[in-house]
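[1] sequence first, then the predicted structure, then my questions.
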Amino acid sequence: MVRNRNTANIRLSQAGPPTTMGFMVTIRGHRRSDLPQVWTLATMPHIGATADPSAPLPLPAAAEPPTAFPVLADPDALPGGDLLVGEIDGHIVAMGGLWDHGQGRAEIVFVRVHPATRRRGIGRRLMTALEERALALGYDEVVLNTATNQPEAVAFYRALGYKGVRTETRPEWHWTLIHFEKPLGASDSR
């Protein structure tokens, strides 16, 4: 049974060890004041090799949620889930959400890391926090998907223990969608 997000009590706001850039990242639940930066991060390039240390860290505030992701207008309404953000010195540098996928499974969605902070361990910390949050909400397994035009993401999820369980193609796509799953709990290996 999935618990209401308000009753799940887990510690998410933890600063991690310094990375090679010498910063501390905090993964925490989102605040309404984060949303303009979250909306900008949701629309930044994430296809292919997109790490860009020269990208400006302070994200400009978007005036409205991206049309491609209308649910980000009110992340509190994610069914059976939550939206987490990664923050460095007050700047949103990562985001990821989860929602109910049915049958004791949470789907991880909207995973993004700022181009200037990629390949620094932030994505791994975010995924760990999302998995812990899913467990706290009562889920036994997490699922997600990514596409073959994002080879770094495919490799990243596999390295975290996600197993590809099926693929999906459509005539209008120039990629293949890969569906992944990972059990949570005692057998969880990172």
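    In hand now; what should we look at?

[2] what about the residue lying closest to residue 119 once chain neighbours are set aside, which SS state?
    Computed as C-beta to C-beta, 6 or more residues apart in numbering, the closest residue to residue 119 that is not its neighbour in sequence is residue 51, at 5.3 Å. Every C-beta, even on glycine, is put in place using the N, C-alpha and C of the backbone. Put simply, residue 51 is coil when judged by DSSP: H, G, I helix; E, B strand; the rest coil.

[3] contacting residues for residue 51?
    By C-beta atoms under 8 Å, 6 or more residues apart in numbering, the residues touching residue 51 are 115, 118-119.

[4] make a ChimeraX selection of the buried ones in the residues you listed.
    The buried subset of the contacts of residue 51, as determined by 16 or more other C-beta atoms under 10 Å, is captured in ChimeraX by this line:
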select :115,118
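
[5] narrow the contacts of residue 51 to those in strands?
    Judged by DSSP state E, these include no members of strands.

[6] dump the contacts of residue 51 to CSV, plus pLDDT.
    As requested, these are exported to CSV (pLDDT from 0 to 100):
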residue, pLDDT
115, 89
118, 87
119, 86
